[in-house]
Every structure is written in structure tokens, then in C-alpha cells.
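J.: below are the sequence and a predicted model for it; my questions follow.
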Amino acid sequence: MTVMEQRGAYRPAPPPAWRPRTDPAPLLPDPEPYRVLGTGAAADADPGLLRTLYARLVTGRRYNAQATALTKQGRLAVYPSSTGQEACEIAAALALEDRDWLFPSYRDTLAVVARGVDPVQALTLLRGDWHTGYDPYEHRVAPLSTPLATQLPHAVGLAHAARLTGDDVVALAMVGDGGTSEGDFHEALNFAAVQRAPVVFLVQNNGFAISVPLAKQTAAPSLAHKAVGYGMPGRLVDGNDAVAVHQVLSDAVRHARAGGGPTLVEAITYRIEAHTNADDATRYRGDEEVAAWRRHDPIDLLERELTARGLLDEEGVRAAREDAETMAADLRARMNQDPELDPMDLFAHVYAEPTPQLLEQRAQLRAELAAEAEGAQR
Amino acid sequence: MTVMEQRGAYRPAPPPAWRPRTDPAPLLPDPEPYRVLGTGAAADADPGLLRTLYARLVTGRRYNAQATALTKQGRLAVYPSSTGQEACEIAAALALEDRDWLFPSYRDTLAVVARGVDPVQALTLLRGDWHTGYDPYEHRVAPLSTPLATQLPHAVGLAHAARLTGDDVVALAMVGDGGTSEGDFHEALNFAAVQRAPVVFLVQNNGFAISVPLAKQTAAPSLAHKAVGYGMPGRLVDGNDAVAVHQVLSDAVRHARAGGGPTLVEAITYRIEAHTNADDATRYRGDEEVAAWRRHDPIDLLERELTARGLLDEEGVRAAREDAETMAADLRARMNQDPELDPMDLFAHVYAEPTPQLLEQRAQLRAELAAEAEGAQR
Amino acid sequence: MTTVATRPATMAGALTRALRDAMAADPAVHVLGEDVGTLGGVFRITDGLAKEFGEDRCTDTPLAEAGILGTAVGMAMYGLRPVVEMQFDAFAYPAFEQLVSHVAKTRNRTRGAMSLPLTIRVPYGGGIGGVEHHSDSSEAYYLATPGLHVVTPATVADAYGLLRAAIASDDPVVFLEPKRLYWSKDAWNPEEPAPVEPLGRAVVRRSGRSATLITYGPSVPVCLEAAEAARAEGWDLEVVDLRSLVPFDDETVCASVRRTGRAIVVHESGSFGGPGGEIAARVTERCFHHLEAPVLRVAGFDVPYPPPMLERYHLPGVDRILDAVGRLQWEAGS
Amino acid sequence: MTTVATRPATMAGALTRALRDAMAADPAVHVLGEDVGTLGGVFRITDGLAKEFGEDRCTDTPLAEAGILGTAVGMAMYGLRPVVEMQFDAFAYPAFEQLVSHVAKTRNRTRGAMSLPLTIRVPYGGGIGGVEHHSDSSEAYYLATPGLHVVTPATVADAYGLLRAAIASDDPVVFLEPKRLYWSKDAWNPEEPAPVEPLGRAVVRRSGRSATLITYGPSVPVCLEAAEAARAEGWDLEVVDLRSLVPFDDETVCASVRRTGRAIVVHESGSFGGPGGEIAARVTERCFHHLEAPVLRVAGFDVPYPPPMLERYHLPGVDRILDAVGRLQWEAGS
Ligand SMILES: Cc1ncc(C[n+]2csc(CCOP(=O)(O)OP(=O)(O)O)c2C)c(N)n1
Ligand SMILES: Cc1ncc(C[n+]2csc(CCOP(=O)(O)OP(=O)(O)O)c2C)c(N)n1
Ligand SMILES: [Mg+2]
Ligand SMILES: [Mg+2]
């Protein structure tokens, strides 16, 4: 049986016999975002998971702060902080198995690091060094994607290829609320549903696309409602509730792995800082809005739960912060070393074999550099 | 108040206060396509409308047949027939006022003619003559669009502009089931909903995109279900029921005109003939399927209703067919005259003023033609 | 002769002023794009327009470039004059089909019945330390597309004058804004901005007798600098700023090359298939017997735009231009 | 020396055969696109592949070109070798962002860690009486995009050999298929198809001493015809078929031009910003002192592709080529 034949075929017979083959009801998101922390369900959450999430989120936030500081010192070209969104970033990445793939956008450095990529390598691009700092195959993390939503069809294609190859691999593709307006979002989700590709799409709805608030981006009841138009389930989750994100993503990953096809998850969260260090958020939003979201902080939510259940004390908090400081110090130290780039590498990876035209240009640059060096010596 | 402020704003407050601002329920299509003919509701249908639709559909079908015949005689470069889809084409166009705009695709010649465009001019493109045969402003019909779904954002922009200008104008944009997979479909519908532009999107779901059946195009419960993801109502209608199409479209147009924003209508129909005269449909579908749809023929459905209500007799049928033959004879006669094209017109409408470069090229062609003429004389 | 004092202004400021003046002069002019409203654009070029003219005249759109351009096409069909902002060069690519299949062709498709007076502003080029996809020189794509005008300013005054002319044009104009010149300053009198002259005129920025540097946009200041440096080597270089790639000012360019007998085309865009090939070819076709040496090209390398830390090796700079001048076969010609 | 008889085959047949042989040889080769499965493609190039290899190897996709190409990128990332069919030249434009920002750049972005061995087949060019958007010559866009190979066959044997080479390449190849040559026939032995040679080699299709016609794809037969016709006027023309635009075979082209001293580039694509400018410029840079006349260009006009009834006036034909040959300043050089 081909992949195509496995789908529930939608091909209307002539009216009046017509009937939709998929029941839309199960595809629709619940009216309220799914939450665990602060609800009765939190009691069932595994203590180990809670502790891990807590430690990782604390480190993640510190990473964001350190990276932003590095932009001020000219050590990073740009940094899009995910402060406030750490629960989405980290809980989502932790829902994957090692053999799975992550397709991050430019804001998802934390998710990339959560996959095991070296924190410095994860910043290579944003540092102004080579475009992708890590080998995508090592931790199965695609390059950070800057052109919005363009990574989504890649995730679909990779998941589809893995399935055709008989491999048990799921792809998690991340995109922002603004990115859902791009044609590539639409095309990717449609392909995924038609091919029943094992992909999970995670939209981090952080309220803004740079300065543009969600209300100018969509008139939909929620972004998760888009799922029904592709024939896949749409799920809404409180993106600041790390346990809820982990559960919803784990479910979706399991569903995909079992051959159930893709899921669209919308995580409601908030971008606490400006779009990047280069942005001035005061131009388009007020302090109260930010303050309201600070009161719904992903780390606080975890901390309260852990404390209430006696899983965390002051000592534990201190330890987590210390670990974060250690990471930050290491990051700082290593980012303060100038990377060594070889200008001749401009020509190294354009093609497997440089064209004769590139060989000529390489020779030209080599001569220029030699002349420069000579000039400098004189 | 700006257009933006009129929208029902969707901007989630922080969970747990979060609540979708649009209720999705009214946006969802009914499970069954809307039908009138053959149901009790048919009794309420206006006799004048029934008669008009009947006469137009009969003529429309004859037009399709004549145009297809003209391809065989080399008088048309290509013709995508809408046989079987006449109800969609014509009832939709008739739902518009004169001041409204139609944005047709390559298959929608019948809708173009229904707007008042001269039947021969409507075929200029397909004849191999200039790309658009009619002045779009005369009957407010945009050029037939060949690149799929690209006309949809144009319809949105025009409707938006009309609204900003204070004009009471609705745009109807037509697209095929296959075209809904294109990114432009997504982007157009999203814009329309955000701007509450007075547009109606009509998807003629004729079961195929050339050879690709709907099940390989989408896994959605229906194409109309896509509407909810944009925050606009989705409506399903039996596309072979001209009265139902007319009602649903008229409703949607009224809704748009009243400032209610866009609607997505999916009309379930069937392409009885091959994709175009150049296509061989036997390669991808069986005769039984076509036969089943022939039993649900849009003209038959009307004829049965009209006859049952005593609004049509044999004489009426004969008269309608005669009118259709008159139209066909006129079309044939005029299409058999060779159009006169001036090669120098290659350069006439590239820019308002030809560039110096084009003037050079025009001089070159003029010299070539002169030399050719001279050579022919000798 | 004017008595009003000119004062230094930035190219960014001149562009903002051009938009404002165009909007004030003609209610049909509408600005739309990502972040152009409240924020005033990521480069602040549309700063203040939403406030002054309302959000219906300067509109934040959803994030979808094909949708933005397609919507603008529809608006233009209805008689408006949309000015679209693409946030960065590489982010105009999603709109490519709309650009090529509709924007460029609608007048032709309708035999002149429907014109599309729309301006597409594209910040382009490198030199700003931008990470990948933020520094492309995409002009080659546009100039190979009949039906588009392609324009790019190199000075503050031209930024104003050319943008006004672009908006006034009844045809679509791709208006390429050299990012790294946004904050460059010239003496400019914003009280008496330059009159709008028709598109398509190149200008000689520096007269010289030894050879002609043919250039545009971000490379104009580089060429002027190179011309200064060349004096030390005894070369007196002429610098032609094209300003408009389509239409192309063959007259001004060829007059210069016929005078100097030698020419180099300088641009940031890659060499292979880039504008330089076209320019070199057409100059050679027209001035063959005046040429003492082949028309050379100094351009970016034919590689994806490099990371910020390497961009200085990629961008054509003064040294690379002087090297090329040195290769202009001075012995043979002298 | 082979004893197996060759028999006439069409270019379309050779392309189908190349796909089939590639799929049989390597299970990683997957074909995807609109109508490529059950129908076998609108030009029937993929005819029979879904039947022979299953729908998972030759897959009808939803109608969305960016999605198709983007999916293929993901498949290639996982180690497959996708062969994508774009239905017509102009319908590849929606995939432009994926092409430029990912297909062309992924190897570079990942410093060689991730290669994208994918082939993008694009039927291109005019002369088939197609209505608008069905006859574009879009090669200028591709050759200005570093990271892509751009290849186009002019003969039946090359259609096979180049397509096999494209699929075997570890880099993305835009494979341009001249629509109007699909049904052209050559003697070709499908039992012994040509070995796969590396991309990037031009070939001299006809030797001559008076001047070189540099051409590719659909214009190759036109140039050969022009060369025959030119004999009557006393000109002995050489015809070089480029076959690959990227990489470009400077060696073969320049060797020819140095021999003949005169050259004309011939292609259907528009002239302004088209491939001819690049070719003329690089030939001139390299062969300046061998040239008796400027390298001329014979190309389509710089207009949107005209309607079928006018296309014969647009396409460069024998007469237009002979006119250009006549302008090669024979007096000066002889
Ligand atoms: C195709 C494309 N268009 C425009 C941009 C410029 N841009 C970068 S980030 C951004 C906003 C994205 O918003 P969202 O998708 O919500 O993600 P967030 O930044 O909030 O994480 C824009 C417009 C881009 N990167 N790619
Ligand atoms: C962007 C684009 N891609 C591909 C094509 C080629 N093409 C023409 S019609 C067609 C099928 C369209 O199917 P559908 O949208 O269902 O409309 P229908 O022909 O059934 O009316 C295709 C693939 C095109 N015209 N435009
Ligand atoms: Mg966002
Ligand atoms: Mg269809």
C-alpha cells in the first residue's frame, strides 16, 4: 500500500450522496488553551520531569540574558531573545527522541541547545560567523531558518523521506505567529496532511511579529483553528506552562510516530523582550501588557508548583541559578574569543566542486590578500 | 475609525484569561452542501430567476461545445471547458451587481461572458491572440488568470481599495480546488479577513486538478473548512444546483457589501470533459464516475424543476436551444475570421512610454519586416 | 540661485520625506508592508506616516510578501498608487511570481487598458553586518524582467527625487534602496527638494579622462573614493552613476566611454549573470572601436552572500577597483 | 564501434528513459510534481514511472510549487535524490524563494555538511503556441543565483546524458528542457545510452572559420540552420552548444572565438539582463584582441512573451541571425 492510499480519501461522490470523509469535530482545538500547572492535573506530573524542566528553563533564561548582553559588547551581530518563551522552546525540544529532527527558526536557539548542540555553535550564525555553526546531522537539528516559514516544507520532506525509508523519525517544525501568514506555512501543512507525514508544527504565538500584533495578522478564532482546513488536529496550549507544552507535544509526537499524521500546536506565550536587540518595543506596546505577562512567567509557574509539592527549596533555586551562571560564564568566555575565519572559505562550499569561474575568483582573492599582506609588511 | 480597528480583535490576553474572540461555530460549513433544486425549498425559487438560469446554462453549455470544436479546427489555441460546471459559472456571475468585479481563472470564460463581455473577446487569449481580449474596466472583469490562485490577492486588493475609496463594490474571485493548495490562496484569504475586505471566494471543486484527484490535494473535511482558519465563514453548496449557487453567492455578496467581510464558498461540481482539449482524461478516471455526475447534470436539475412547476415545456426547451445555436453560429462565424495583429504591437504596451532600448528593438523589427516584404515582392 | 541654506540630511530622511510629500500631494498614494505602520518600518523609512495619514494610508499588513504585492496589484487596478515596502532584499523573493507574472505584465496583458502605478521599495545590498538573507543584491532578477523599471539612488537628493519619480510613474518601479547608504549624509535642502525628473537618466558624478567607472547605488561612493585614490597613480577616472538600470541611459554611458576609451563596471551583485555583463556587453556593442581595452567588471564574487565577518572580502572595494584599472592595458592604448 | 543500430528517438523519450534508468539504478531517486504520477506529466516525460516504481517513488503532489520544492529540499536533507518537475517555466516562480534562499544556499550555509542533490526539471521557452505564462525563458534568473547548476540539452543524446549527470550531481541542478524540442528526433541508440559525463562541457556542433554562434537549448537547431543558410552568403559559421550555463565552459567558447575572431550569442530569452550579456562580456574580457568586431547578441525582444500569433516575430530565427552575421564588420576584419 502506498503512502497515498493510506489516507482517508476525500473525494466527494456526486451530491446528494456527498459526505465529508473526515469528521471535523476532533480536529478543532478546545476553546481554552490546555494547562497543567496551577490545576489539579499538576499533581500527576512526574517530579523528575518538573525538576528537569525547571533547571533547563532557568539556564535557558540566563542564556537569553547572556546572549543579549553579548550583542551590546559587539560579540553577536544580533540576538532574538526568547525570554518568556523558554517553556515552549525547551519543553518542545524535550518531547523529541534523539533520532527525531528539529527545524528551528531564528528565535529558537534555546531549542537547538536543548537538543544537545553546543551553546557557542548555536550562536555561530548570530555572531556573524558562518551561517550555520553546527553540523545538522550531529544532533539532527536543521539550520536556523531566517526566511519565515520556509523551514516548514523541509520538515515535511524530511519526515516524509524518513517514513518512505522505513525509519521511525518524527520532525518538529517551529514557527512564529507571524510566520503562519506565509504561503509556505499553508503549503507545508497541506503536504504534511495529504502525505500523513510524521511532523509536528509548533506555532509559538508570542503576540507579535516584530511590531505587528496578532489582530493585524489574523482574524481567526485561534491559529490552531487553521488545522481543520488541512485535515489535521489543532491543539491549543498555554505556552508558558512547560508541563502542558511537554504533554501536548509528546502526544503529538506519539501520534505522528504511530502513523497518525501531523498535528498543529499553537502555544500561547509572549515575547517579553524586544524583537531583537535592534528593536525598540516601546514604539508599539505598553508596559502594562508586558507586566501582565510577567505575572504569568513560565519559570514562576514551575517554581510555584515545585515548591508547593515540596520538590524545590531555596537551596534548589540557588543551585539552579548557579548552574546557569556557570553556563553563562563559559558562554561569555568562549564568545569573547575571536573566531578564526579564512576568507578563502568564501569559495569552499558553493558547490561540491568549485566551478572554473569560482577557481578564477578564488585566485583573484588570494592575490589580493597576498598583496594586502605585502602592503602591510612594507 | 480605520479599517483595522473595525475588525474583531484577536489578541489573547495572558492565560488563564485567554478566550478566542471569534466563535468558530458559525464559521464552519454545514456538513451537507446546500441544495435547493429537488428539495422543498425549490418551490420558493423565483420563476424568473429559474428561467433566466435555464436559458443561460443552455447557452453556456453550447458555448463550451462550440469552443471545444474551435480548438479542433485550429481556431483556438486551447480551451478549458466548463461543461458540467455551468451552474457555478453563471449563477455566481449573476449574483453580482454591475458595479462589482469578477476575478476569473482560465476556466471561467462562461462567467466572463455572463458579465456582459463579448463572447469572442472573452476568447481572445485562448485563441492565441492578445493576452486579454477585453477592457477589464468595461464590465469590471479582471483578465483571465492562468497562474493559479494569483488572482485572489488582486481581488482582495481591489475590494479593499474600493472600500477605502468609499465605493460600494464587491469582488468575486474564482479558483479551482487545486488552486487552494497554493500559497497565494492562503495569503489572499488571510488578508481579506484581516482587512474585512468585501470579497467572496468561490472554489469550484470539480474533483480534479488536471489528473490529480482531490484526495491527493487535501485531507481536509472539505475545502470550505479552510475558512475557519482565516476567521471567515465557510459555505458548502451543490455546484450543480444553479439556484443554490445563486442563493449562497448572493448571501455572501450581501454580507460583504454590508461590511461583514469575506466568505469562502466551496461549490461541489465536476469537470465532465478533459482538463483542456489537450488532455486525455481516460488516463486518470473511469467512465462510471463521469456517468454518475452526468446524472446530476446542472441543466437537467433546472429543467426538471421548471417542468415540474409548469414553467417550461417542449417549446421552451426548443427555444432555449435555438438561442444557443444562434449564439454558437455567431461565435463560429466571427471566430473563423482571422484576427489582425500588428507585430509592431509587441512593443506597444510594455511601458506607458517605450524605453530607448525598446525603441531600438522596434526599429529592428520594422526593418526586418520591411526586408521581408521586399523579399516577398521580389 | 537659492538663498535657503542646505543642511546635512540622511538618505533615510530624504526617503521618508519623499513618501510624505507624495502622500500629501496625492490621496491615491498608499503605503503598505510589514511593520510600516506603528513602528515606521525596521529602517524607520515610513516613520510618522501612519500617524499623519492614518492607518488606512500606511498599513501594517500580515506577514506574507506575495499577499502584500498581490494586494497592491489589486489596489493599483482600482486606481490607487500603492508603495510597497519589502523588509529586506531576500524577503522579496516570496513575491516573485506576483512580480514577474502580474506586476511586470499587466499593462501588456491588457493592451494598455490596465496600468499598475506601483512602487516596490526594496532595501538591498550588504555592508551592514547583516546575517544571511539580509544582504542580497537582487537587481539581476529585476532587470531581466521586461515591464519593470529598476531604479536605485546613490545620493540623498536622488533618494528623494527618484522616489518621487517612481511613485509618479504610471508603471511599476522596483526601487532599490542601498541599505548601507541609509545613514549617509549629504548637504540637501529639504525645503526645496529636487524637482521630479523622468526616470532613466544617468549622471556623471566625477569627470575624468583616463577611464570610466560605470556604477550605481552603494558602489557609487566606493567608486568616487577609488577615483580619488587613483589620482596618486596618475589616473583620472570618470564616474557614472546610472541611477536607473531600466530604462538604461546608453547615451550618457557611451558618451563617457567614447571619451575615455576604457571602462569598468562596478557593483556589489555577483558577477556571473549580474548587471555588469549586460552593461559591458552593450557598451562594447556600441563603442567597440573606441575601446582600448575590454570593459572589465568589478563585482561581488559568485557566492552566496557571506557572513558579516567575511563580507569585506566579498564587497568590491577601492583596492579591487584600482587593480582592475591597472589591468586596462595602458601600454597598448597609450 | 557499435553494431547495434541506432533509431530515431525523441528528446521526450530520452528524458523518460533517463529518469527510468536513474530510478532503477538508485532507490534514492524520487520523482515528484504536479500530474507526474498517473498522468505521466503534461508532457508525458514521467510516463510509466509511477506504474513501474510505485507512487511513493513517483508522486503526484498537491498544487503548490514552493511546497513541492521545499518538500524536495527536506527529502534531499534526509539523503534522497529528488527530481522535481515544474509544469512550465512560469509556474516555477512561486518556488523562487525556496530556490534562492535554500536550494542554492544550503551547502554553503552548512559549510558543506548538508548537500542537496536535487534536480529541478523546468520545461522552458516558446515556439509551441502556448498562451501567456507557458513560454518564458527564465534562465537569466537561475544563472544569477550562485549555488545552482544550470543545464539545458539541445539533442536527444544530451537530453539523456545531461539528465543522468544532473541526477548524479551532488548539487542542485536546474535542468531546463526546451519544450519545442521535446518531439524533435535524432538517431539515438537507447540500448547504449551515452555515458554520464560531468556537467560543464560545451560542444562544437559545427565547425566553421568565419564566426562563432554561441548558443544553447532551443536555439541550437536554429543556429545550425542559419549556419547552413550562411554558406550561400560565403560565411562558414561555427556553432557552439553550451549545454551547461553554470558551470560555463570558457575554454571551449574562447578557443572557438579566438579561431574565428567574431561571435554572436543567440538565445530566445530577452536580451537585456539575459545570458547573452554575460557571455558576450566574458568572451570579450578573454578574447579582446582576437575580436574583429564586438560580440553581438541575437535574442528575444525585451517584452513579455507575446501571444502565439505573434511569437514568430519575437523568436530569434535564421534571418535575424544572418542579419547579425552581416553586421560583424567584415570589411574591417578582412
Ligand atoms: C520571508 C520573510 N519575510 C520577512 C522577514 C523579516 N522578519 C524577521 S522576523 C519577522 C517577524 C516574525 O514574527 P513571528 O513569526 O511571529 O516570529 P517571532 O519573531 O515573534 O518569533 C519578520 C517580519 C523574514 N525573516 N522572512
Ligand atoms: C502556479 C501554477 N502552477 C501550475 C499551473 C498549471 N496548471 C494549470 S491548470 C492546473 C490544474 C488546476 O486545477 P484546479 O485548480 O482544480 O482548477 P480546474 O482546472 O479544475 O478548473 C495546473 C496544475 C498553473 N497554471 N499555475
Ligand atoms: Mg511572534
Ligand atoms: Mg479542479
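T.: Okay, I see it. Residues are numbered from 1 along each chain as shown, chains lettered A, B, ... in the order given. Ligands and ions are numbered 1, 2, ... in the order given.
J.: now for the strand or helix carrying A:A376, which elements pack on it?
T.: Here A:A376 is covered by helix A:356-377, with elements defined by DSSP states H and E. Helix A:356-377 is packed against helix C:318-326, helix D:250-260, with contacts defined by 3 or more CB pairs under 8 Å, 6 or more residues apart in numbering or on different chains; DSSP states H and E. C-beta: built from backbone N, CA, C; applies to glycine.
J.: ok and it relative to helix C:318-326, angle-wise?
T.: Relative orientation of helix A:356-377 and helix C:318-326, computed by axes from the mean of the first three to the mean of the last three CA atoms, to 10 degrees: 110 degrees.
J.: not counting helix A:356-377 itself, show me its contacts.
T.: A:343-344, A:346-347, A:350-351, A:354, C:271-272, C:301-303, C:313, C:319-320, C:323, D:200, D:247-251 (CB atoms under 8 Å, 6 or more residues apart in numbering or on different chains).
J.: what about A:A376, how many neighbours?
T.: Residues lying near A:A376 (other CB atoms under 10 Å in any protein chain shown) number 7.
J.: repeat that for C:E192.
T.: For C:E192, using other CB under 10 Å, the count is 10.
J.: now it. Its backbone dihedrals?
T.: Dihedral pair for C:E192: phi -130, psi 70, per degrees, to the nearest 10.
J.: report the contact partners of C:G274.
T.: By CB under 8 Å, 6+ apart, C:G274 lies in contact with C:137, C:139-140, C:267, C:297, C:299-300, D:144, D:278.
J.: separation between it and D:F248?
T.: C:G274 sits at a distance of 14 Å from D:F248 (criterion: CB to CB, to the nearest Å).
J.: same question for C:T10.
T.: Computed as CB to CB, the C:T10 to D:F248 distance reads 41 Å.
J.: and for A:V170?
T.: According to CB to CB, A:V170 and D:F248 sit 43 Å apart.
J.: and for C:H30?
T.: 44 Å.
J.: got the buried residues for the helix or strand of chain A with the lowest mean pLDDT?
T.: Among the helices and strands of chain A, helix A:287-294 carries the lowest confidence by mean pLDDT, DSSP states H and E, at a mean of 91. By neighbour count on 16 or more other CB atoms under 10 Å in any protein chain shown, the buried set for helix A:287-294 is A:289-290, A:293.
J.: give the other helices and strands that the following helix or strand past it contacts.
T.: Downstream of helix A:287-294, the first helix or strand assigned by DSSP H and E is helix A:298-308. If contacts are counted by 3+ CB pairs under 8 Å, 6+ apart, helix A:298-308 sits against helix A:47-72, helix A:86-94, helix A:242-257.
J.: please work out which of those helices is packed deepest.
T.: A comparison of the helices and strands packed on helix A:298-308 by mean neighbour count, using mean count of other CB atoms under 10 Å in any protein chain shown, puts helix A:86-94 on top with a mean of 29.
J.: the residue in the stretch 51-200 of chain C positioned nearest to ligand 3: what secondary structure?
T.: Residue nearest to ligand 3 within the stretch 51-200 of chain C (CB to the ion): C:L63, separated by 9.1 Å. Assigned by DSSP: H, G, I helix; E, B strand; the rest coil, the conformation of C:L63 is coil.
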